[in-house]
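Novice: Everything below, folded, please.
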Amino acid sequence: PDALKLLEEVEIMPDVILLDVMLPGMSGIDVLKILREKYSSTELPIILVSGKSSKESIIEGLEVGCNDYIVKPFDGGELISRITTQLKVSAA
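Specialist: Numbering: from 1, shown residues only. Predicted coordinates for the structure are as follows:
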C-alpha cells in the first residue's frame with residue numbers, strides 16, 4: 001500500500017500510527033506484520049482501529065504486535081488518551 005511506500009521514503013518517522021484493520025487491497029493486520037519486521041513497538045507505536053470488536057480480533061491484533069486496539073465507533077477523548085499514553089511510553 002501507499003502508506004508503506006511513504007514510510008520508506010520519509011526522513012522523519014511518525015510518532016504513532018493509527019492503522020485501520022479493514023483496508024482495501026491488504027488488511028491492516030498484514031500491514032502491521034510488515035511494519036513489525038522493521039520497527040519494534042517502542043520505535044513505532046501502532047494503534048489498530050477497527051469495527052471488529054470480538055475478543056478474537058483484538059487478541060489477533062495484540063499478538064501480531066499492535067500497541068493498542070480501539071473499536072469503532074470510539075470516543076474522541078478516549079482516542080486522544082490512548083495516543084498520549086503511547087507517546088509517553090515510547091518516550092520513556
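Novice: continuing past the lowest-mean-pLDDT helix or strand in the chain, what's the next helix or strand?
Specialist: Least confident helix or strand, the chain: helix 2-9 with a mean of 82, by mean pLDDT, DSSP states H and E. Helices and strands here follow DSSP states H and E; after helix 2-9, the next one along the chain is strand 17-20.
Novice: Show me what that following strand is packed up against.
Specialist: helix 28-38, strand 46-50 (3 or more CB pairs under 8 Å, 6 or more residues apart in numbering; DSSP states H and E). Where C-beta positions appear, they are placed from N, C-alpha and C, glycine not excepted.
Novice: Parallel or antiparallel, list what pairs with that strand.
Specialist: Strands that pair with strand 17-20, judged by DSSP bridges, come out as strand 46-50 (parallel).
Novice: which residues does the residue of the chain positioned farthest from its centre contact?
Specialist: For the chain, the largest distance from the centre (CA atoms, centre = their mean) belongs to residue 11, which lies 19.6 Å off. Going by CB atoms under 8 Å, 6 or more residues apart in numbering, residue 11 touches no other residue.
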